[in-house]
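Visitor: Sequence and predicted structure are below.
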Amino acid sequence: MLILLPMDRWLERVDENVRGRKLFRDGQTILVAVSGGVDSMVLLYALHALAGKHQWKLAVAHFNHQLRGRSSDADEKLVRKTAAQLNLPMFVGSHDVKTFAKEHGLSIEMAARQLRHEFFAKTAKEMKTSCVALAHHADDQVELFFLRLLRGAGGEGLKGMTWGSRSPSDINLHLMRPLLNFTKEELLFIAKAQGVRFREDATNAQTDFLRNRIRHDLIPLLSQIKPAAKETILRTMEIVGAESELSLEAAVRWLATKKRPPFAKLPVAIQRLSLQLQIRGLGFGANFDLIEHLRLAPGQAISVTPDFALERTASGTVQTQEKRPVGFSVDCQKIDLATQKSIRFADSDIHWTFRAETGQVFAPEGGCEIFDADKVGRNVTLRHWRAGDRFQPIGMKSPAKLQDIFINQKIPRAQRHRLIVAESERGEIFWVEGLRMAESFKLTPSTRRRLKWCFG
């Protein structure tokens with residue numbers, strides 16, 4: 001059971017939070033985000049009561065999400081009236097959140113958050129202030145813990161909100177939370193005792209939102225099992241947060257060190273965080289599966305967008321790879337071996353010479369193959385792999401599907417489509433870039449001319 005402090009202490013607690021956490025400076029202009037609910041209305045009255053002591057200049061910001069029709073308009077009306085009574089400037093924004101969410105493929109909650117923060121950032125810039133006061137409280141923290149836990153967050157996410165953070169819409173704007181150690185029950189008690197008018201959001205009672213199901217179903221159930229469940233969760237968040245910050249500092253130090261300790265010898269938590277930081281620094285989202293793939297499989301690229309893949313080096317550095325479109329290429333080039341001596345095809349240079357058979361043993365050269373020239377023929381076609389292609393590398397008893405050969409050789413799918421294939425005059429494949437020469441075109445005692453085929 002929560003113990004409520006005497007009423008003469010609640011303002012002192014808010015002031016202690018502000019001073020102890022260095023949330024606001026004396027004489028600062030503060031934009032107070034006010035929805036009309038009990039949390040933000042208590043926050044507004046608290047900061048107004050302390051404004052004279054700290055010479056703060058306050059302004060009220062209200063965003064109408066247009067989600068509840070007349071109820072949303074009534075919220076706005078209450079906030080306007082309160083701002084007028086307190087003689088504070090008022091800024092109002094509004095947007096059709098449902099339409100915006102549908103157009104941008106967002107949930108209602110995420111769309112509302114994005115539009116709301118964009119409005120705060122724009123208003124703060126007009127006011128030439130760098131801070132917004134938000135009314136998040138301890139119960140919000142507990143709900144956020146379960147939201148992030150169910151989404152698979154790590155220590156950084158499970159620590160919850162901080163007293164101060166950067167705005168997601170403007171890195172220069174600071175979001176401050178002076179009520180973060182107040183419970184919802186305490187705020188309701190304060191509002192009733194101080195005569196603070198507020199409006200209840202009817203959507204808070206709906207259980208079609210995950211946050212509301214956590215609020216109305218999960219947390220009350222946990223409180224029945226363990227009466228001090230909220231306090232325990234808040235303490236756990238603080239512990240996890242402190243340990244997460246320590247791990248994060250270690251990961252940052254490792255990344256900044258020129259002569260790094262081997263990546264493989266780092267604790268798993270530091271490995272994961274160092275990869276997460278690098279992935280985010282490259283502009284990509286860092287989920288657990290992606291981090292684990294890079295952590296456990298150095299040198300193996302993994303797609304992150306249609307155009308890019310990421311790969312981790314053995315030393316722990318994450319690199320981007322621009323992907324070429326994967327598909328069968330229609331590029332094709334016919335050549336006359338008798339009249340030409342070289343050609344450039346698909347970013348590769350190929351050149352060839354003929355030599356009469358002398359009976360000498362062929363000594364292999366890097367980047368060259370020797371074929372029976374008469375079996376190859378005069379006219380050759382260069383192209384890429386096509387569906388259904390069959391090829392018989394030297395030493396194999398019979399032809400096989402080129403796709404099966406690629407798979408057995410563990411050639412990446414994207415690379416298969418870039419390899420060059422050479423067809424003989426009769427339409428048989430005598431050479432595939434990166435594979436052994438064809439069995440049917442090798443030198444034999446009956447060979448009269450050699451084709452020396454070099455590539456690179």
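Guide: That came through, no problem. Please read these numbers as outputs of a predicted model, since none were measured by experiment.
Visitor: Find the helix or strand that residue 125 is a member of.
Guide: Secondary structure assignment for residue 125, by DSSP states H and E: helix 108-127.
Visitor: in that helix, what counts as buried?
Guide: For helix 108-127, the neighbour count (16 or more other C-beta atoms under 10 Å) marks 108, 111-112, 114-121, 123-124, 127 as buried. In short, each C-beta sits where N, CA and C put it, glycine included.
Visitor: Which residues does that helix contact?
Guide: Identification of contacts with helix 108-127 by C-beta atoms under 8 Å, 6 or more residues apart in numbering yields 29, 31, 33, 59, 61, 63, 65, 67, 91, 93, 95, 97-98, 100-101, 104, 106, 130-132, 167-170, 173, 209, 211.
Visitor: likewise stretch 179-197?
Guide: Counting by C-beta under 8 Å, 6+ apart, residues outside stretch 179-197 touching it are 2, 4-5, 7, 10, 13-14, 17, 38-39, 41-43, 45-46, 78, 82, 135-139, 141, 161, 163, 198, 230.
Visitor: Out of these, which sit inside helices?
Guide: Per DSSP state H, helices hold the following members of these: 10, 13-14, 17, 38-39, 41-43, 45-46, 78, 82, 138-139, 141, 230.
Visitor: ok, of the residues you listed, which come out buried?
Guide: Among the ones in helices among the contacts of stretch 179-197, those scoring as buried are 10, 13-14, 17, 38-39, 41-43, 45-46, 78, 82, 138-139, 141, 230 (criterion: 16+ other C-beta under 10 Å).
Visitor: about what we covered before: output the buried residues of helix 108-127 in a markdown table; the columns should cover distance to residue 411.
Guide: Listed next are the buried residues of helix 108-127 as a markdown table, based on distance: C-beta to C-beta, whole Å:
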| residue | distance to residue 411 |
| --- | --- |
| 108 | 47 |
| 111 | 44 |
| 112 | 49 |
| 114 | 44 |
| 115 | 48 |
| 116 | 50 |
| 117 | 47 |
| 118 | 48 |
| 119 | 53 |
| 120 | 53 |
| 121 | 50 |
| 123 | 57 |
| 124 | 55 |
| 127 | 60 |
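Visitor: By pLDDT, rank the residues you listed and give me the bottom one.
Guide: Looking at these by pLDDT, the weakest one is residue 108, with 86.
Visitor: Look up how far residue 101 lies from that one.
Guide: As for residue 108, its distance to residue 101 is 5 Å (criterion: C-beta to C-beta, to the nearest Å).
Visitor: next one: residue 135
Guide: In terms of C-beta to C-beta, residue 135 sits 23 Å off from residue 101.
Visitor: number of nearby residues for residue 293?
Guide: 16 (other C-beta atoms under 10 Å).
Visitor: In strands, which of the contacts of helix 108-127 appear?
Guide: 29, 31, 33, 59, 61, 63, 91, 93, 131-132 (DSSP state E).
Visitor: Got the domain ranges for this structure?
Guide: The chain breaks down by automatic domain parsing into domains covering 7-231, 275-322, 332-455.
Visitor: Select the helix or strand of the protein having the lowest average pLDDT value.
Guide: helix 413-416 (a mean of 77; mean pLDDT, DSSP states H and E).
Visitor: Quick one: distance of it to the chain centre.
Guide: Helix 413-416 has its C-alpha centroid displaced from the chain centroid by 26 Å (C-alpha atoms, centre = their mean, to the nearest Å).
Visitor: now swap in stretch 309-321 and tell me
Guide: With C-alpha atoms, centre = their mean, you get 16 Å for stretch 309-321.
Visitor: List the buried residues for that stretch?
Guide: Neighbour-count burial for stretch 309-321 [16+ other C-beta under 10 Å]: 309-312, 316, 318, 320.
Visitor: Stretch 80-97 now?
Guide: For stretch 80-97, by 16+ other C-beta under 10 Å, it's 80, 82-83, 86, 88, 90-91, 93, 95, 97.
Visitor: Now compare the residues you listed and name the two farthest from each other.
Guide: 86 and 97 (27.6 Å; C-beta to C-beta).
Visitor: Relative to residue 239, which of the buried residues of helix 108-127 is nearest.
Guide: For the buried residues of helix 108-127, the nearest to residue 239 is residue 117 (29.0 Å; C-beta to C-beta).
Visitor: So residue 434 sits against residue 419, correct?
Guide: Yes. Counting by C-beta atoms under 8 Å, residue 434 does reach residue 419; the two are 5.9 Å apart.
Visitor: Please list the members of the buried residues of stretch 309-321 that lie in helices.
Guide: Per DSSP H, the buried residues of stretch 309-321 never map to helices.
Visitor: export those to a markdown table and tack on pLDDT and distance to residue 448?
Guide: What follows is these, written out as a markdown table (pLDDT from 0 to 100; distance: C-beta to C-beta, whole Å):
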| residue | pLDDT | distance to residue 448 |
| --- | --- | --- |
| 309 | 86 | 48 |
| 310 | 90 | 53 |
| 311 | 91 | 49 |
| 312 | 92 | 53 |
| 316 | 93 | 57 |
| 318 | 93 | 55 |
| 320 | 88 | 52 |
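Visitor: can you redo these as CSV with distance to residue 240?
Guide: Conversion of the buried residues of stretch 309-321 to CSV gives the following (distance: C-beta to C-beta, whole Å):
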residue, distance to residue 240
309, 32
310, 27
311, 31
312, 26
316, 25
318, 25
320, 31
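Visitor: contacting residues for residue 385?
Guide: By C-beta under 8 Å, 6+ apart, the contact set of residue 385 is 328, 402-403, 406, 416-417, 419, 421, 432.
Visitor: Against residue 429, how distant is it?
Guide: 10 Å.
Visitor: just residue 391 next, same as before
Guide: Taken as C-beta to C-beta, the span from residue 391 to residue 429 is 5 Å.
Visitor: again, but for residue 246
Guide: Distance from residue 246 to residue 429, by C-beta to C-beta: 59 Å.
Visitor: more crowded one of residue 135 and residue 101?
Guide: The neighbour comparison of residue 135 against residue 101 (other C-beta under 10 Å) goes to residue 135, with 24 against 18.
Visitor: and that one, how far is that from residue 286?
Guide: 30 Å.
Visitor: Check residue 93 too.
Guide: For residue 93, the distance to residue 286 - C-beta to C-beta - is 32 Å.
Visitor: Hmm, residue 388 and residue 429 touching each other?
Guide: No. With contact defined as C-beta under 8 Å, residue 429 and residue 388 do not form a contacting pair (11.4 Å).
Visitor: Which residue of these two possesses the greater neighbour count?
Guide: Neighbours were counted for residue 429 and for residue 388 using other C-beta under 10 Å; residue 429 has more, 23 against 8.
Visitor: I'd like to know how far the more buried one sits from residue 221.
Guide: 67 Å.
Visitor: same deal with residue 270?
Guide: Applying C-beta to C-beta to residue 270 and residue 221 gives a distance of 36 Å.
Visitor: got it, and residue 210?
Guide: In terms of C-beta to C-beta, residue 210 sits 15 Å off from residue 221.
Visitor: So for the two, which residue has more residues nearby?
Guide: residue 210 (16 against 10).
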